[in-house]
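Enquirer: Mind looking at a prediction? Sequence and model below.
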Amino acid sequence: MHVKTLDERVVSRAKARGLDALVYAPHFTRLPDIRTRAERFSDDDLLVVPAREVFTGPWYDRRHLLAVGLSDPVPDFISFRGALDEFIRQDAAVLVPHPEMLNVSCSRDDVAANRDALDAVETYNAKCLPHQNRAARAVARETGHPAFGSSYAHFRRTVGEAWTAFEDAIDDESDLVSALRTGAPRRVVHRGGVGHRLRSLAEFTHLGYENSWGKLDRLFLSGTEPTHPSNVAYGGRFDDVFAYAQG
């Protein structure tokens, strides 16, 4: 919980690492496409659960939210409150990935102020540096939220570097949503050693690409991109919570 890339090699690596499930939530991809690909790579040995990590707010002040169990698509770059309200309407599990990380995360105050709407806080992310994961653990501890951990793998080799181990079996998407929403017992686990740190550092340096303004220019100026709120696929449902003024 969760990965950004999914193909045969990712599935093979996940199985080799002993994982039973992956949450697949690539950036800027609509839910129907995510769900189709997740179904393609699920089998009796590995469950792939579709999810969306939604970028709320404008580009310069993003707060990410991870929603598991969505039934309808939700775009990026809508207001934080607008995203939460939509997730609640759909009875999705709402998670806080990488809290307090640079300018792409919920703050401690955000989590505390929306405690009842949030189901878990990430306390270990393989893409984060050690001090960032310490800060994340403090957020979960101080706000009283259950924890989760993930590889946050953008690269295949990071899959299985960190995971969440539930005590009860997770056989399908609804099992996972229920476990997250009810605070089911779980442990956050991660690998160690030099190899782990090197793979984590490679993931962290990838942030430079993810946050480039060049990528912004390509993705969000025309309004035709898959997860832009103005895309025709959303039928204008999110116009009132679009994070940018519309002229």
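Expert: Noted; the coordinates are in hand.

Enquirer: Show me what secondary structure element comes after the helix or strand harbouring residue 85.
Expert: Using DSSP states H and E, residue 85 sits in helix 80-89. Sequence order places strand 93-96 as the next helix or strand after helix 80-89, per DSSP H and E.

Enquirer: partners of that following strand in the sheet?
Expert: Here strand 93-96 has these sheet partners by DSSP bridges: strand 63-68 (antiparallel), strand 120-125 (parallel).

Enquirer: Now do the lengthiest strand in the chain: which elements does it pack against?
Expert: Ranked by number of residues, the top strand in the chain under DSSP state E is strand 47-56. When contacts are defined as 3 or more C-beta pairs under 8 Å, 6 or more residues apart in numbering; DSSP states H and E, strand 47-56 packs onto strand 21-24, helix 31-41, strand 63-68, helix 80-89, helix 173-181. In short, each C-beta sits where N, CA and C put it, glycine included.

Enquirer: Format the CA atom coordinates belonging to the fourth one as CSV.
Expert: What follows is the C-alpha trace of helix 80-89 in CSV, where atoms were taken according to Å, rounded to 0.1, in the frame of the first residue of the first chain:
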residue,chain,number,x,y,z
PHE,A,80,-9.1,19.2,0.1
ARG,A,81,-12.6,19.4,1.6
GLY,A,82,-14.2,18.6,-1.7
ALA,A,83,-12.1,15.4,-2.1
LEU,A,84,-12.9,14.3,1.5
ASP,A,85,-16.6,14.8,1.0
GLU,A,86,-16.6,12.8,-2.2
PHE,A,87,-14.6,10.0,-0.6
ILE,A,88,-17.0,9.9,2.3
ARG,A,89,-20.0,9.8,-0.1
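
Enquirer: quick one on the thing from earlier: could you dump the strands paired with strand 93-96 into JSON lines with distance to residue 182 added?
Expert: Listed next are these as JSON lines, based on distance: least, C-beta to C-beta, whole Å:
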{"stretch": "strand 63-68", "distance to residue 182": "13"}
{"stretch": "strand 120-125", "distance to residue 182": "11"}
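
Enquirer: Not counting stretch 102-121 itself, show me its contacts.
Expert: With contact meaning C-beta atoms under 8 Å, 6 or more residues apart in numbering, stretch 102-121 is reached by 60-65, 80, 84, 87-88, 93-100, 136, 138-140, 142-148, 180-181, 183, 207, 211.

Enquirer: Look at residue 228 and tell me its secondary structure.
Expert: Classification of residue 228 by DSSP: H, G, I helix; E, B strand; the rest coil places it in coil.

Enquirer: isn't it right up against residue 59?
Expert: No. At 11.9 Å, residue 228 does not count as touching residue 59 under the criterion of C-beta atoms under 8 Å.
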